[in-house]
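Novice: After the sequence you'll find the predicted model.
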Amino acid sequence: MSPVPSPPGVILVPAASAAREQLARAAALAGLRVVERPEQAAIAVVDLTGPEGTPALEALRTTAGGARLPLVTLVEPAAAAFEALEALQPAEVMCAGSSNPHELAYRLRRVAERHREHEEHIRRQEDMALLLELTADYAESLNVEALLHDVTRRLAERLGIGRAALVMMDPGTEGGARVVAASDEPTLVDLRIDLDRYPEIREAARTCRPVIVEDASHHPLLEGVKNEVAARGIHTLAALPLPIRGEVRGVLLLRASGSDRRTFAPHELEFLTTVAHATAVALRNASLLQTVRGQTEREMTARIAAEAKAASLETYHLFFANVREGVAIIDDRACVLSLNPAGESILETSSELAYGRHLVEVSQPLDESVLMELVTAARQGESRSDVDLMVRTPGGRRLTLSFSAAPLEDGRRAIILSFRDVTQARMLADELRHTKDFLERLIDSSVDAIVAADMQGRVILFNKGAEALSGYSAQQALSGLHVSQLYPPGVAARIMEQLRGPEHGGRGRLALSRQDVVHRSGQLVPVNMTASIVYEGGREVASVGIFTDLRDRMELERKLSDVENRLEESEKNAVIVALAGTAAHELNQPLTSVMGYAELLKRRLKEEDTSYKPVDIIYREAERMAEIVRKIGRITRYETKSYMGSQRIVDLDKASSHDD
């Protein structure tokens, strides 16, 4: 168990060094604490700038705690000072004189981290050494009871707790169990307990998971036994299940009082879980050993019977010798009694070498449990077939074999096992599956809609592009959508006629054509479409259509047409404005002369003169022409009006107006 961790300690050598204030600030920045005794420290800061430094360091190294401490040395920035460090091998070196505590804090953090990793490495080595010792003891010891007591004692000592006990469940009783070993009671044997008083054991056995109780007096799991727990002074509990053949047959129970350390660390739980599994294996092996000793005679009888059964099958050996599948006859212990030539070839062994050897040893499966489950089922009278299993041959090849097993004489004596090499078939199936997956991903990634249907019109392929185009999901399409629902009435039948005819791209093919697809909402979606019929041996089996959504393209074409119209209108306006400007400029000069001479004539004539009126008309008409010329000069756009039937002329009033 681990206490609540305190910050690592740093000791200053010599204690009266002038660097104490700097060390205190740096330690605070690094999350460390300054201590005075070597056994409390994880790092030693040695000030070698004064004459007291070296003797103080030598005195530190004579202590048990100081000899192991990593050193951070403060030295003068001189060559001689650094040469003297060769014998010390400090973890960090820092020149004295710097008043900045952050540099020292950084170096202290680095040394503390390396020290922590070193301590963790040592702890793991100690855990591994103890685990190896326990495993060796489990494998070699015949006195199981004495061994379990020794294991609980060593666990309690290793973890520094008050009690470690091994509790075995009584399968024949309800809520009963037995304490078979305890660290603090070496003479204890089969002490019966009531699990109602040990809810942590019951919970570990029920869930097959470790149960950790860090504060026993307040944990809800121990609600009914709090008074008893408090009376015993128990503070922390750990119950680790011992699974044997899939069933929790025992629990490793550890208890710590209030005076012990307070919590279990994760690495301790990991170590305890490994010990629990090793103990479960040892108990299972001990149980098996007793069972084997008690059943030796029966097994010998069964083996003789199985061999006799194999001998009785001699009449079938000729048949087995000529079948292409491997055939093996195995006894009740899964040892080979007979192996046919095909089996010898597949497993790269001979019947003589395989005789009497365990089936697992002969076939070398990568997963023994699958093969043994097959044999166990046949032993219990069940027949199993077509169970794939990968095996290794003595030549180093890996084969995939398909096994079948059946009992002989109701599975009580011998088992017949057949197997065939399906390596190439499974590899081909995997390749086909990968190819199918790739093609499906390729089809799904297409931006075009791809739809396939059988010859009854049922949709059998519907990619994501088709979902976006039609509004149907693939699940909806594959669960009952008829392909004709994707087209306006009669279009699906017309497309099939075109596919079967030679005029639209050849038989079984439809060249690019413009169609409409019916969206789920009822909207018609314009598409470009190609299609084909899939044949198998000349027989139509499916049809495939590829659709390109034209909505975006048609919208773009519409926008381009609008732009072209506006450009054409702009060009017309530019032409008419240029023409109007030219005409106004050219007409202004002669018109000005006409108006000038007309005005001179009016001034020389009197109103009574017969020539006055014609001259006045000439002047007024010239003024009207000048106004028309001014309008022509103000033309900014092309506007027309009707004139004499179907003819149109420029509307000067609108074309010269500045109103939009």
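Specialist: Okay, I see it. Residues are numbered from 1 along each chain as shown.

Novice: Might you list the low-confidence residue ranges for the stretch 251-400 of the chain?
Specialist: Within the stretch 251-400 of the chain, the ranges that satisfy pLDDT under 70 run 258-262, 282-319.

Novice: could you pull out the helices for it?
Specialist: Secondary structure of the stretch 251-400 of the chain by DSSP state H, counting those that start in this stretch: the helices cover 266-312, 314-322, 341-347, 351-354, 359-363, 368-379.

Novice: Please tell me how far residue 541 sits from residue 438.
Specialist: Distance of residue 541 to residue 438, given as Cβ to Cβ, to the nearest Å: 22 Å. To be clear about C-beta, it is placed using only N, CA and C from the backbone, and glycine gets the same treatment.

Novice: Kindly apply the preceding question to residue 595 instead.
Specialist: Distance from residue 595 to residue 438, by Cβ to Cβ: 89 Å.

Novice: likewise residue 546?
Specialist: Relative to residue 438, and taking Cβ to Cβ, residue 546 is found at 19 Å.

Novice: between those two, who's got more neighbours?
Specialist: residue 546 (21 against 10; other Cβ atoms under 10 Å).

Novice: That one - that's part of a strand, no?
Specialist: Yes. Per DSSP: H, G, I helix; E, B strand; the rest coil, residue 546 lies within a strand segment.

Novice: For it, give the beta-bridge partners.
Specialist: Beta-bridge pairing for residue 546 (DSSP bridges): residue 450, residue 530.

Novice: State the pLDDT value of it.
Specialist: For residue 546, the pLDDT comes out at 92.

Novice: Tell me which residues touch it, please.
Specialist: Residue 546 is in contact with 448, 449, 450, 529, 530, 531, counting by Cβ atoms under 8 Å, 6 or more residues apart in numbering.

Novice: Try it again at 7 Å.
Specialist: By Cβ atoms under 7 Å, 6 or more residues apart in numbering, the contact list for residue 546 reads 448, 450, 530.

Novice: go on, residue 213?
Specialist: Listed by Cβ under 7 Å, 6+ apart, the contact set of residue 213 reads 200, 219, 221, 222, 236, 237.

Novice: which of those are buried?
Specialist: Applying 16 or more other Cβ atoms under 10 Å to those, the neighbour count classes 200, 219, 222, 236, 237 as buried.

Novice: Which strand residues bridge the closest residue in space to the second one that isn't next to it in sequence?
Specialist: Spatial nearest neighbour of residue 219, excluding adjacent residues (Cβ to Cβ, 6 or more residues apart in numbering): residue 213 at 4.7 Å. In this structure, residue 213 bridges to residue 237 when assessed by DSSP bridges.

Novice: same question, residue 241
Specialist: Assessed by DSSP bridges, residue 241 has beta-bridge partners residue 251.

Novice: ok, it touching residue 202?
Specialist: No. Using Cβ atoms under 7 Å, residue 241 is not in contact with residue 202; the gap is 11.0 Å.

Novice: More neighbours: which of these two?
Specialist: Applying other Cβ under 10 Å to residue 241 and residue 202 shows that residue 241 carries more neighbours, namely 26 against 19.

Novice: what are the ranges of the strands in the stretch 401-550 of the chain?
Specialist: Here the stretch 401-550 of the chain has its strands, by DSSP state E, counting those that start in this stretch, at 414-421, 449-454, 459-462, 509-518, 524-536, 539-549.

Novice: quick one on the thing from earlier: out of the contacts of residue 546, which one has the lowest pLDDT?
Specialist: On pLDDT alone, residue 448 ranks lowest of these, at 88.

Novice: picking up where we left off before, which one of the strands of the stretch 401-550 of the chain lies nearest to residue 45?
Specialist: Of all the strands of the stretch 401-550 of the chain, strand 414-421 sits nearest to residue 45, with 70.9 Å by Cβ to Cβ.

Novice: And that closest one, what does it pack against?
Specialist: With contacts taken as 3 or more Cβ pairs under 7 Å, 6 or more residues apart in numbering; DSSP states H and E, strand 414-421 sits against helix 266-312, strand 326-331, helix 368-379, strand 398-408.

Novice: Report the rounded mean pLDDT for stretch 590-608.
Specialist: In the prediction, stretch 590-608 has an average pLDDT of 82.

Novice: Check the offset of that stretch from the chain's centre.
Specialist: Centre-to-centre, stretch 590-608 and its host chain are 102 Å apart (Cα atoms, centre = their mean, to the nearest Å).

Novice: what's it in contact with?
Specialist: Contact partners of stretch 590-608, identified using Cβ under 7 Å, 6+ apart, comprise 611, 612, 615, 616, 618, 619, 622, 623, 625, 626, 629.

Novice: what does stretch 177-188 give?
Specialist: Residues external to stretch 177-188 that are found in contact with it (Cβ under 7 Å, 6+ apart): 145, 148-149, 152-153, 155-156, 163-170, 190-193, 195, 201.

Novice: Buried ones in it, by neighbour count?
Specialist: Buried residues in stretch 177-188, counted by 16+ other Cβ under 10 Å: 177, 178, 179, 180, 181, 182, 183, 188.

Novice: That one: end-to-end distance?
Specialist: 14 Å (Cα to Cα, to the nearest Å).
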